[in-house]
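# return a 3D structure for these sequence lines:
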Amino acid sequence: MFSFRQKTARIIGAAAMLGTGLGLAQLATTSTAAHADPSFGTAKVLVGSDTIQDLGNAWAGASPTPFAAAGGGDRTVYAAPLHSSSATFGASVISYDAVNPQSQTADCIATRTGGGSFDRPNGSGAGRNALLAVVNGTNFGGNQGCGAVSGVTLASYLDASRSSSLSGTSGTALDYMPIASDYVQYVAWCGAGTPAADCTSAKQLSQADLQALYTAPKNGKLAAGTWGAPAVTASDLYACSIQTGSGTAGFFANRMGYAGSTAPTDLQSAIAAQNCTGLEENGLNGFVTKVASLPPATNKDIYVLAVSMGSEIAQHNGFGSDRSTQALTNPSAGGLTAPAGTTINFGVVNNLAPLPYDVTANTCKNFLNGNVSCWSPSGPNGTAIAPTNYGRLLFVVAPSNKVAGVFRDKALTDLFASGAASEVCQSTYTALADQYGFGQTYVNGTQTAAGGCGSIAFQRGG
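Next up, the predicted model:
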């Protein structure tokens, strides 16, 4: 088994602290054996996607950073750090979370010892924008009080980004290398007085109902009796959304009928009247707290929010930062302030079958037998059921000239862009991805990577 707990692994722990943006100060006081200096200066720095951040930290050797995650405690799982081959000098990986892992808010990060700080890129879109600043030599950030950083300077601080969606901007500036697959669905928050039949209906929304909820003229609310099958529901249905920089926000917006680079912001604008937007992805504890603060007309309201099933599966099974367990087990306790009787349920669009989890029991089928993954070869992930295919690819993104051509970064290419020979595509790391809830299915409806893991499957201008 490649995953292990070793409290004395100081170098790995220090690398992981760098990976979440907490480590530059700590490294100054971290003792290591006097064999060789750590290679933090040559490690490849990744930022961006919330969806893949826990897996990214595992690539760095520990996820989450010991005692760094919100809520305290140590649920850190150590893994064999990802590194390039000896022929490319064994470059390792440092991966920064989308938000500060302790405060769960935006801040500044400094990725190189002695280097300057810049805005922490929050989500797939922000990660890609940081890379575009490097490609175009333009300024990046400045909103977090770090000061805008020129692309020329940023090039020495940043190598690649994590992304859970494809950009809607055409072009060839950035290369997208798939490293795993995921399945997007939603959760439904049922008020304390919601009839059981309505909660069941909310777990099996049709594509038509979901699209109506998130688009005009409904604008984030379906009145009781106008949704469900049959439409005899007694509860109002409301829409929530995750922050627009998230790749999951963009992917879900595409499935709701929005297109182009403005898809997530267009969706958010459409439901803004419900005051449930800008939530952090896969943080169901925050979702519960937000909904509980809203002034519902009755206690029978239902709210829905898109999620990455891979991330939620990983959190349930003890991998990565825990941002959801309290909401799923007892949302009325733990400081989440939800009224007694509130429930959170996973939903699946059009009640697709076979399901990767049991809607009736509200649990992943494999949760019950200890298997950490929720994939089925014949399941929805990878099955083209237009227009309700919710399987997607997950990517590492890099400037095109860094992974192709005479002057490419050979270590970065070896890690992520050498097809099946890529280090991240070897069995140790595909098994690691499985622990974090992600599969290896590279045909997902409109997203097909014929070359599979580590191929340069797509190019975009953003």
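
# can you give me the neighbour number for residue 77?
Other residues within reach of residue 77, judged by other Cβ atoms under 10 Å, total 20. Using the backbone N, CA and C atoms, a C-beta is placed for each residue, glycine as well.

# isn't it up against residue 318?
Yes: using Cβ atoms under 8 Å, residue 77 is in contact with residue 318, at 7.2 Å.

# can you tell me the SS state at residue 147?
coil (DSSP: H, G, I helix; E, B strand; the rest coil).

# do the same with residue 398
At residue 398 the chain is in strand, as set by three-state DSSP.

# in contact with it, which residues?
131, 159-161, 174-175, 177, 409, 412, 416-417 (Cβ atoms under 8 Å, 6 or more residues apart in numbering).

# ok, residue 177 next?
So residue 177 contacts 395-398, 403, 416-417, 422, 454-457 (Cβ under 8 Å, 6+ apart).

# one more time with 6 Å, if that's ok
Applying Cβ atoms under 6 Å, 6 or more residues apart in numbering, we find residue 177 in contact with 396, 416-417, 454, 456.

# type out the ChimeraX command that picks the buried ones from those.
Restricted to buried positions by 16 or more other Cβ atoms under 10 Å, the ChimeraX selection for the contacts of residue 177 reads:
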select :396,416,417,454,456
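
# which ones among the contacts of residue 177 map onto helices?
Using DSSP state H, the members of the contacts of residue 177 that fall within helices are residue 416.

# ok, then the element right after the helix or strand bottoming out on mean pLDDT in the chain?
Least confident helix or strand, the chain: helix 23-27 with a mean of 38, by mean pLDDT, DSSP states H and E. Per DSSP states H and E, the first helix or strand lying C-terminal to helix 23-27 is strand 44-48.

# so which elements touch that following strand?
Packing partners of strand 44-48 (3 or more Cβ pairs under 6 Å, 6 or more residues apart in numbering; DSSP states H and E): strand 93-95, helix 124-136, strand 160-163.

# which residues sit against it?
Strand 44-48 is contacted by residues 56, 91, 93-96, 111, 121, 124, 127, 158-163, 412 when judged by Cβ under 6 Å, 6+ apart.

# and the two most separated of the contacts of residue 177?
Pairwise distances across the contacts of residue 177 (Cβ to Cβ) peak at 10.6 Å, for the pair 396 and 456.

# quick check: end-to-end length of stretch 80-88?
End-to-end distance of stretch 80-88 (Cα to Cα, to the nearest Å): 18 Å.

# got the buried residues for that stretch?
Neighbour-count burial for stretch 80-88 flags 81-84, 88 (criterion: 16+ other Cβ under 10 Å).

# what ranges in the stretch 51-200 of the chain fall below the confidence cut-off?
Within the stretch 51-200 of the chain, the segments meeting pLDDT under 70 span 67-73.

# where do the strands sit along it?
Along the stretch 51-200 of the chain, the segments classed as strands by DSSP state E, counting those that start in this stretch run 62-63, 77-78, 93-95, 108-109, 118-119, 139-140, 149-150, 160-163, 174-190.

# dump the ones you listed to TSV, plus distance to residue 391.
Below are the strands of the stretch 51-200 of the chain laid out as TSV (distance: least, Cβ to Cβ, whole Å):
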stretch	distance to residue 391
strand 62-63	24
strand 77-78	26
strand 93-95	24
strand 108-109	32
strand 118-119	32
strand 139-140	32
strand 149-150	36
strand 160-163	16
strand 174-190	6
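
# now do residue 176 against residue 130, distance only.
From residue 176 over to residue 130 the distance is 15 Å, taken as Cβ to Cβ, to the nearest Å.

# actually, residue 256.
Residue 256 sits 27 Å away from residue 130, going by Cβ to Cβ.

# next: residue 303.
32 Å.

# swap in residue 225?
47 Å.

# what about the spatially closest residue to residue 325 that is not a sequence neighbour, how many residues nearby?
Among residues not flanking residue 325 along the chain, residue 315 sits closest, at 6.2 Å (Cβ to Cβ, 6 or more residues apart in numbering). The local packing of residue 315 (other Cβ under 10 Å) involves 23 other residues.

# any idea which element residue 315 lies in?
Residue 315 belongs to helix 309-316 when assigned by DSSP H and E.

# and for residue 266?
Counting by DSSP H and E, the element that carries residue 266 is helix 263-270.

# tell me what that helix is packed against?
Counting contacts by 3+ Cβ pairs under 6 Å, 6+ apart, helix 263-270 packs against helix 247-255.

# so what secondary structure elements neighbour the helix it packs on?
Using 3+ Cβ pairs under 6 Å, 6+ apart, helix 247-255 sits against helix 263-270.
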